[in-house]
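K.L.:
here's a sequence, model it:
(chains A and B)
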Protein chains: 2
Amino acid sequence: MSNPQDRLNEPTLSTRGLQPENKETPISFLNTDIVPSHLFFKRNHFSYPKLTYSNYWLPINGLVKTPKIFSLQEIVKLPSKTIKVILECAGNKRSLFEPKVFGEQWEKGAISQGYWTGVSLTTLLEATGINPKAKEVLIEGYDKGKRTDKNNEYSYSRSLPLDKALDPDTIIAYEYNSQPIPFKHGYPLRLIVPNWYGMASVKWIKQISLISSEFKGPYQSIDYVYYPNKENDTDSFPVTIMNVNSTIQEPVHMEILNTGTHVIKGIAWTGAGEVSKVEVSTDHGDTWLEAEIEPTYRSYGWVSWTYEWSVYDPGEYTIMSKSTDTLGRTQPLKPFWNRKGYGYNAIDKVEVKIE
Amino acid sequence: MSNPQDRLNEPTLSTRGLQPENKETPISFLNTDIVPSHLFFKRNHFSYPKLTYSNYWLPINGLVKTPKIFSLQEIVKLPSKTIKVILECAGNKRSLFEPKVFGEQWEKGAISQGYWTGVSLTTLLEATGINPKAKEVLIEGYDKGKRTDKNNEYSYSRSLPLDKALDPDTIIAYEYNSQPIPFKHGYPLRLIVPNWYGMASVKWIKQISLISSEFKGPYQSIDYVYYPNKENDTDSFPVTIMNVNSTIQEPVHMEILNTGTHVIKGIAWTGAGEVSKVEVSTDHGDTWLEAEIEPTYRSYGWVSWTYEWSVYDPGEYTIMSKSTDTLGRTQPLKPFWNRKGYGYNAIDKVEVKIE
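P.N.:
Residues are numbered from 1 along each chain as shown, chains lettered A, B, ... in the order given. Have a look, this model is predicted:
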């Protein structure tokens, strides 16, 4: 018989919901920097769309000079680029807010990264031309359904300001880690918007339209908006770029360890500039020491860091990590609470007991 | 091409640790009462043992009249029984304790049930006979390793008092849901102790010994003991039978729902007697109404229950479930806090928002 005990212990996605499917990456248990597609977190607003691939076309219309409809074959023949990009759900770490907020209770794994290959959106827009009145680029996905707060059916649609849409690293991707994008992650075409939270990276693209005014769809003007107050909408502003952030992968929260030397390891990332340092504290934040950052080319990915911790006194310890980016943004001790629970980036913490 | 979007959304185990492997059943997302083996929670103290099945024998020795060594072939030829049994990790729901306790942060899914087939331990002991001096039956597993609080290597061993060992429903199981027990769940032989927390159901049985005194191994006298005090061991007592308990499966915590009628559903179980009622409150516990219990034959399994909830006022609600057993045990509002975090059975709660 085979030797089943020799099978590796593989991590698995954690299920947050099935209707629609929402599953979290086992972020503490990744053994690679590039998340394999079966461990990429899944975040859906609706059930999966029904697509007919044999008849798939991408229309670009609205305020363009020449509307065009691209076939997949045309798109894959255009010059392509491959970039390492993080996708982080805006609700990543939502479960950590106090007071608690409603919505999917993501822990620390609504984030993944890998290599996306596709054509710059700007390459397609060069083919159609742009009408000078165009202000935003609206991307509509094939996924659609009802919302609890509305009666109509909505498709998942988001717009980008023109400058972000024209950034050559904003791509229409068709491969993830050198394979066709898995259906559940947006096959055949998915927008990839580096540095922005994942809600911008529309899956299953149905059409792209250039528009002259601010798009007001519910996934832009109701969801993915920071509401600082529980009872009213004053001072709200849209969710866009990722906050500077870090996550401790090892040890895990509430783990029991021996005295001796332990490697504390984690990841750090930002949606603006580069991560410039990661600091670790093992004494509730009284003293901070710099972690060692792996000298990887970051592109739009995260950095991995480690910190060697020698501990000889049994007891309870709080380990904290804090990252800072080249723009001087740094993780706050307390998160910016907002009613829908976006953008959590407080200093990360795990507690351990040393025996 | 195939139609990948038609694939069902399947729930998956949540990873709590990989060294050793500890994974949690997606308890809210089961679509069957009998947990398939790939969704059965995994709880290990050590890395998986290396077994040579071709040379597998089960010795029964110590205070018996005639020590015997059984082959697998002999065991499967003996009269067998199949019983539906819950295994619940004593640490199930540990993450809900306040103050927090160290150890695996199990949420509500360190529990599974299904059909176990095997031979009564008492049938084997009839073959060996029992020396009148025997007080306990010691079951040793092939899994072993080091502990953070000790220097020696220990095997995972647990004893049962003689009366529990002789209960005809305490079985040496070789099948789960009519298939050989998966290796990671104890193949080829696993003890199944109905009504007790899962630590009693030793996997990969290496030998069984009858002993005259109380067994003091670390998984009996250090772990799986309730310590009511943080700082000392006074008033400690062993973990044995499962507490009366219930878990709300739907809705999930912090879910956002429409006004209208929703089915609240869950499971309830006990380690003594039968579940006699399940009550649900949707107003923070001010009023309680009885849920409908599915008329399943319980055996040693859980009962499923539902409660139809009609809600017309938008707002935030706390849904609670409370089960009571035929011995009059009922779930408390506050859990019995203990230092190692066992036996959590406070009234279950989920919060929802109605829009």
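K.L.:
now stretch A:346-355: buried residues?
P.N.:
Using 16 or more other C-beta atoms under 10 Å in any protein chain shown as the test for burial, stretch A:346-355 gives A:346, A:347, A:348, A:349, A:350, A:352, A:353, A:354. Yep, even glycine has a C-beta here, placed from its N, CA and C like the rest.
K.L.:
what sits up against that stretch?
P.N.:
Under the contact criterion C-beta atoms under 8 Å, 6 or more residues apart in numbering or on different chains, stretch A:346-355 has outside partners A:96, A:108, A:245-248, A:251-259, A:266, A:285, A:311, A:313-322, A:331-335, B:100, B:102, B:148-149.
K.L.:
are any of those residues buried, and which?
P.N.:
Using 16+ other C-beta under 10 Å, the buried ones in the contacts of stretch A:346-355 are A:96, A:108, A:245-248, A:251-255, A:257, A:266, A:311, A:317, A:319-322, A:331, A:335, B:102.
K.L.:
of all residues in chain A, which one is nearest the centre?
P.N.:
Note on chain A: the residue nearest the mean C-alpha position is residue A:88, at 1.4 Å, using C-alpha atoms, centre = their mean.
K.L.:
now do that residue, the pLDDT please.
P.N.:
Note for residue A:88: predicted pLDDT of 98.
K.L.:
the one 3 residues further on now?
P.N.:
If you check residue A:91, the pLDDT there is 98.
K.L.:
what does residue A:85 give?
P.N.:
Listed pLDDT for residue A:85 reads 98.
K.L.:
run a quick neighbour tally on it.
P.N.:
Number of residues near residue A:85 (other C-beta atoms under 10 Å in any protein chain shown) recorded here: 24.
K.L.:
quick revisit: of the buried ones among the contacts of stretch A:346-355, which belong to helices?
P.N.:
Using DSSP state H, no member of those falls within helices.
K.L.:
among the residues you listed, which are in strands?
P.N.:
Using DSSP state E, the subset of the buried ones among the contacts of stretch A:346-355 located in strands is A:245-248, A:255, A:257, A:266, A:311, A:317, A:319-322.
K.L.:
which members of these additionally contact chain B?
P.N.:
When contact is defined as C-beta under 8 Å from any C-beta of the partner chain, these meet chain B at A:255, A:257.
K.L.:
make a markdown table out of the ones in strands among the buried ones among the contacts of stretch A:346-355 and add pLDDT and distance to residue B:9.
P.N.:
Shown next, in a markdown table, are these (pLDDT from 0 to 100; distance: C-beta to C-beta, whole Å):
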| residue | pLDDT | distance to residue B:9 |
| --- | --- | --- |
| A:245 | 98 | 28 |
| A:246 | 98 | 31 |
| A:247 | 98 | 26 |
| A:248 | 98 | 30 |
| A:255 | 96 | 31 |
| A:257 | 95 | 37 |
| A:266 | 98 | 30 |
| A:311 | 97 | 43 |
| A:317 | 97 | 39 |
| A:319 | 98 | 35 |
| A:320 | 98 | 36 |
| A:321 | 98 | 33 |
| A:322 | 98 | 37 |
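K.L.:
need the ones in strands among the buried ones among the contacts of stretch A:346-355 in a markdown table (columns: distance to residue B:239).
P.N.:
Listed next are those as a markdown table, based on distance: C-beta to C-beta, whole Å:
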| residue | distance to residue B:239 |
| --- | --- |
| A:245 | 39 |
| A:246 | 38 |
| A:247 | 33 |
| A:248 | 31 |
| A:255 | 21 |
| A:257 | 23 |
| A:266 | 34 |
| A:311 | 30 |
| A:317 | 27 |
| A:319 | 30 |
| A:320 | 33 |
| A:321 | 35 |
| A:322 | 39 |
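K.L.:
and which of the ones in strands among the buried ones among the contacts of stretch A:346-355 is nearest residue B:173?
P.N.:
Relative to residue B:173, the closest of those is residue A:255; by C-beta to C-beta it sits at 31.5 Å.
K.L.:
so the closest one is in contact with residue B:148, correct?
P.N.:
No. Residue A:255 is not in contact with residue B:148 according to C-beta atoms under 8 Å; the separation is 9.6 Å.
K.L.:
residue ranges with poor pLDDT in the stretch 1-150 of chain A?
P.N.:
A:1-8 (pLDDT under 70).
K.L.:
could you redo the last one with a cut-off of 80?
P.N.:
The model of the stretch 1-150 of chain A has pLDDT under 80 over residues A:1-8, A:52-53.
K.L.:
ok, now the stretch 201-350 of chain A?
P.N.:
Within the stretch 201-350 of chain A, the segments meeting pLDDT under 80 span A:296-298.
K.L.:
how about the helices of it, start to end?
P.N.:
Secondary structure of the stretch 201-350 of chain A (DSSP state H, counting those that start in this stretch): helices located at A:218-221.
K.L.:
residue numbers of it in contact with chain B?
P.N.:
For the stretch 201-350 of chain A, the contact set with chain B under C-beta under 8 Å from any C-beta comprises A:252, A:253, A:254, A:255, A:256, A:257, A:258, A:316.
K.L.:
and these, which two are furthest apart?
P.N.:
Based on C-beta to C-beta, the longest span within these runs between A:253 and A:258 and measures 17.6 Å.
K.L.:
from the ones in strands among the buried ones among the contacts of stretch A:346-355, which is closest to chain B?
P.N.:
Closest approach between those and chain B, by C-beta to the nearest C-beta: residue A:257, at 6.5 Å.
K.L.:
show me what contacts the closest one?
P.N.:
Residue A:257 is in contact with A:251, A:311, A:352, A:353, A:354, A:355, B:148, counting by C-beta under 8 Å, 6+ apart.
K.L.:
can you check residue A:314 too?
P.N.:
A:259, A:354, A:355.
K.L.:
and of these, the nearest to chain B?
P.N.:
Looking across those and measuring by C-beta to the nearest C-beta, the closest to chain B is residue A:355, at 4.5 Å.
K.L.:
near the nearest residue to residue A:259 once chain neighbours are set aside, how many other residues are there?
P.N.:
Leaving aside its chain neighbours, residue A:259 sits nearest to residue A:312 (5.2 Å; criterion: C-beta to C-beta, 6 or more residues apart in numbering or on different chains). Per other C-beta under 10 Å, the neighbour tally for residue A:312 reads 8.
K.L.:
what about residue A:312, distance to residue A:319?
P.N.:
To residue A:319, residue A:312 is 16 Å away according to C-beta to C-beta, to the nearest Å.
K.L.:
and the residue of the stretch 151-300 of chain A nearest chain B?
P.N.:
For the stretch 151-300 of chain A, C-beta to the nearest C-beta, closest residue to chain B: residue A:183, 4.1 Å.
K.L.:
tally of neighbours for that residue?
P.N.:
A count of nearby residues for residue A:183, using other C-beta under 10 Å, gives 21.
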